[in-house]
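1. Structure for the following, please:
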Amino acid sequence: MNWQAHIDAISHEAASRLHFLRILKKFGLKPHHLLHFYLTVIRPVLEYCSVVWHHSLTKAQSETLEAIQRRALRIIYPPTTGMPYTFALTLPKLPSLRDCREHK
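-> Numbering: from 1, shown residues only. Next comes the predicted model:
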């Protein structure tokens, strides 16, 4: 089974929601509020039905999803720009999407 169409759909939807995260940032919301928005509005899209498709993902598909989270972190915490992704995850104490999928 190939999950590319599903990954494309959820990554497109999550990426479009990043626009709203940028708007909230522009209006001066604090990082903890932006993180809350990300965790309640964007991340669930990235994890939708992940128990079903997680073990069938290619590395490229997994990286596509992680890239969305990486973009969200750069919006919420601008100093994470240029940081390695694993280090940037330590600032908000978030696990990677892969780690979340593996522990469900």
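
2. Show me what counts as buried in the helix or strand of the chain with the lowest mean pLDDT.
-> When the helices and strands of the chain are scored by mean pLDDT, DSSP states H and E, helix 50-53 comes last with a mean of 79. The neighbour-count check on helix 50-53 (16 or more other Cβ atoms under 10 Å) flags 50, 53 as buried. Quick note: C-beta positions are derived from backbone N, CA and C, even for glycine.

3. following it, which helix or strand comes up?
-> The helix or strand immediately downstream of helix 50-53 is helix 59-76, counting by DSSP states H and E.

4. need the next SSE after that next one, C-terminal direction.
-> That would be, after helix 59-76 and using DSSP H and E, helix 85-90.

5. Can you mark which positions in that following helix are buried?
-> Buried-residue list, helix 85-90, by 16+ other Cβ under 10 Å: 88-89.

6. Now Leu34: which helix or strand?
-> When elements are defined using DSSP H and E, Leu34 is found to belong to helix 31-37.

7. list the helices and strands that helix packs on?
-> Here helix 31-37 touches helix 4-26, helix 59-76, going by 3 or more Cβ pairs under 8 Å, 6 or more residues apart in numbering; DSSP states H and E.
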